[in-house]
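Novice: kindly generate the corresponding structure for this input.
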Amino acid sequence: MPNELRRGQGVNLVLATTAFAITFWAWNLIGPLAGSYTRQLGLSPPQTSLLVAIPVLVGSLGRIPVGVLTDKLGGRLMFAVVCFVTIVPVLGVGWSDSYGWLLLWGFLLGLGGTSFAVGIPFVNAWYPPERRGFATGVFGMGMGGTAVSAFLTPRLVEWLGRAQTHVLMAVLLAVMGVVMLLVSRDSPDWRPATAPALPRIREAVKIKATWQCAFLYAVCFGGFVAFSTYLPTLLQVVYGFTQTGAGLRDAGFSMAAVLARPVGGALS
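Specialist: Numbering: from 1, shown residues only. Next up, the predicted model:
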């Protein structure tokens, strides 16, 4: 069994990280284009903030049920499901021409942000405890999908058009979902959870460390995500940058955190 684990570690870590990056790119499709939505639809700052925040909030809260399903169905299947399900709101956002429709599809777009809750147990099961920090740190580099989105999405919209850019994103999600089904596999050490989810959740919320870590995660990573998704709008509205110029600077801001993740994981 240890040999089988070692043989599958690298491939499945790369696949999980790639799937994480692509779903996070999809999750962050609205933020880099929020300035253009503001101008086209005449949105007020609170309306723009709500539009940017909706996918982030849904992606965060949706990790609870998606994590429960991952325990039962496995990361391989759930990565594919998240990829396939996210295709619908990606296309919906690309073809929306009103604020109400953007809010609706942006709400569903938050499903792409739940992939983090799929990848952590999927990667953990492939590695022994003493290597899980580094492995999940490498997996965490997939959050670079937000940087890719900030850099590429405005440029793709300029080159191809908004609808065509979202169709391209949908194709990437479909391909990634198929790859996860055909190439990836769950760890031989993984076993599906059979106990009911609610008692396990109740036990988790009784642990003091659950709330301590949740608070730290909310302040550190939550603040990072919130700022990085709104940064393109801030740079355009306050500092007068173009949409592509703001995206470039936002990508630079995000990449610092991406590169630091394996280091933090290894130290952990």
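
Novice: strands along the chain, start to end?
Specialist: With strands called from DSSP state E, the chain shows none.

Novice: which residues in it form helices?
Specialist: 2-27, 34-41, 45-61, 63-73, 75-95, 99-109, 115-124, 132-140, 145-160, 162-182, 197-205, 208-217, 223-239, 243-267 (DSSP state H).

Novice: ok, how many other residues are close to Ala197?
Specialist: Number of residues near Ala197 (other Cβ atoms under 10 Å) recorded here: 15. For the C-beta atoms, the positions are set from N, CA and C on the backbone; glycine is no exception.

Novice: ok, it touching Thr70?
Specialist: No: the criterion here is Cβ atoms under 8 Å, and Ala197 misses it with Thr70 at 11.1 Å.

Novice: rewinding a little: just the helices of the chain: most buried one?
Specialist: For the helices of the chain, average neighbour numbers computed from mean count of other Cβ atoms under 10 Å are highest in helix 115-124, which has a mean of 24.

Novice: what's the angle between that helix and helix 145-160?
Specialist: Angle between the axes of helix 115-124 and helix 145-160 is 130 degrees (criterion: axes from the mean of the first three to the mean of the last three Cα atoms, to 10 degrees).

Novice: residues contacting helix 115-124, please?
Specialist: Helix 115-124 is contacted by residues 12-13, 16-17, 19-20, 23-24, 63-64, 66-67, 70-71, 74-76, 78-79, 82, 132, 135-136, 139, 142-143, 186-187 when judged by Cβ atoms under 8 Å, 6 or more residues apart in numbering.

Novice: and for stretch 65-83?
Specialist: Taking Cβ under 8 Å, 6+ apart as the rule, stretch 65-83 contacts 16, 19, 22-23, 111-112, 114-115, 117-119, 121-123, 125, 173-174, 176-178, 180-181, 184-186, 190, 192-193, 197, 201.
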